[in-house]
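# Fold the following.
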Amino acid sequence: MKIKKISALLAATLGLALSAQSANAAEFEFRFQSSDPAGNSNFILQQGWADKLAADTGGKVKVELLPVGSIVEHQETQDAIVAGILDGHITDTSYFSGKDPAFGLIANPVGAWSAPQEMFDFMSKGGGNELMNSMLEPYGLHFIGATTPGLEAFVSKNPIDTVEGLKGLKLRAPEGLVQQVFAAAGAAPVNLPGSEVFTALDKGVIEAADYSVFSTNQSQGLNDIAHHPIYPGFHSMPLVEISMGKARWDALPEDIRAAFESSVAEFALHQVAELEAADVQAVKAAEEGGKITVHNWSAEERAKFRTIAMGQWEKAAVRSDNAQMVFDTLSAYLKENGLVK
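This next block holds a predicted model:
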């Protein structure tokens, strides 16, 4: 697998530096838990981030990164950080929407982004970073930075090139905002666990699915039975936060904080680039096979879907003061930058 080879090369490159550092104990040691399982592409890349942070700080910082469920369940890491069981996490922010719907709205404002850089720009220039800390700090966390695995592709047995094409479409979508947005666009979303998507598509129970990124969909054979995937995707791209306990963050010297922030920013771009490369290879292989037609929505159709989604964001916004703040900031940013009409 390409990502594993790259990670192995990175490990070899860093090996000499890390072995030299091992003679001296790290000055700052942290235990982080990921929301991804061991062996997953995202987790492999996250381990590379921890290694590079150690190298960048001359061995002063050591982050022990644990896979999902190692200490607590994926939705319990916030509480574990406050309790001192964990020092930080790398996790999908939407897992904490039960505490505040604002977490779900900022984590995956369905339809908002057509590329990872659009989200990164919002976070750094549009008030997103400040929003995250205003929401996290009352829970005892500090937001260091955001990353994402990228835009999810869309699996479809039917050729769909417009929002109009979604009307009446039987599709699998997770509960919550994603389903609400698709329903508002005229589709007929249904609840199905990921394990049942292939069979449901194969038997015609559903015609399309919100599932994962293109390379994952391709490797699991979904495109082989649903020949009209939409790529790049138009609907879902999760915000994955890298955060740690605020007390520990506040106690760090300025140079170590800066190292964390710069390493996270570099990691986000690296992760997106690696996973996008895997998608590009998968798209090329799919198209060369001759059976699969990849559809890429126009900017106009993406904007139409985003406008529909905003109506559902507005409904979610009234559920908390923070959610309203996220809605107002995000909506203003999208309008100012011409991403919605």
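
# where does the stretch 201-341 of the chain have low pLDDT?
341 (pLDDT under 70).

# ranges for the strands of it?
In chain order, the stretch 201-341 of the chain shows strands spanning 208-210, 240-245, with DSSP state E, counting those that start in this stretch as the criterion.

# Test my guess that Ser263 contacts Asp56.
Yes: in this structure Ser263 lies within contact range of Asp56 using C-beta atoms under 8 Å: 5.9 Å. C-beta: built from backbone N, CA, C; applies to glycine.

# which of those two has more neighbours?
Each of Ser263 and Asp56 had its neighbours counted (other C-beta atoms under 10 Å), and the higher figure belongs to Ser263 (23 against 17).

# residues contacting the more buried one?
For Ser263, the set of contacting residues under the criterion of C-beta atoms under 8 Å, 6 or more residues apart in numbering consists of Trp49, Lys52, Leu53, Asp56.

# what's the spacing between it and Val294?
With the distance defined as C-beta to C-beta, to the nearest Å, Ser263 ends up 34 Å from Val294.

# neighbours around the nearest residue to Glu175 once chain neighbours are set aside, how many?
For Glu175, ignoring the flanking residues on the chain, the nearest one in space by C-beta to C-beta, 6 or more residues apart in numbering is Asn191 at 6.1 Å. Counted with other C-beta under 10 Å, the burial measure for Asn191 works out to 10 neighbours.

# now swap in the one 4 residues further on and tell me
Neighbouring residues of Ser195 were enumerated by other C-beta under 10 Å; the total is 7.

# residues contacting it?
Residues in contact with Ser195, defined by C-beta under 8 Å, 6+ apart, are absent; none qualify.

# what's it sitting at in phi/psi?
In this entry, Ser195 is assigned phi and psi values of phi -70, psi -20 (degrees, to the nearest 10).

# Switch the strands of the stretch 201-341 of the chain over to TSV, and while doing so, append distance to Phe28 to every line.
Formatted as TSV, these follow (distance: least, C-beta to C-beta, whole Å):
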stretch	distance to Phe28
strand 208-210	40
strand 240-245	11
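
# Among these, which comes closest to His227?
For those, proximity to His227 was assessed by C-beta to C-beta; strand 208-210 is nearest, at 11.6 Å.
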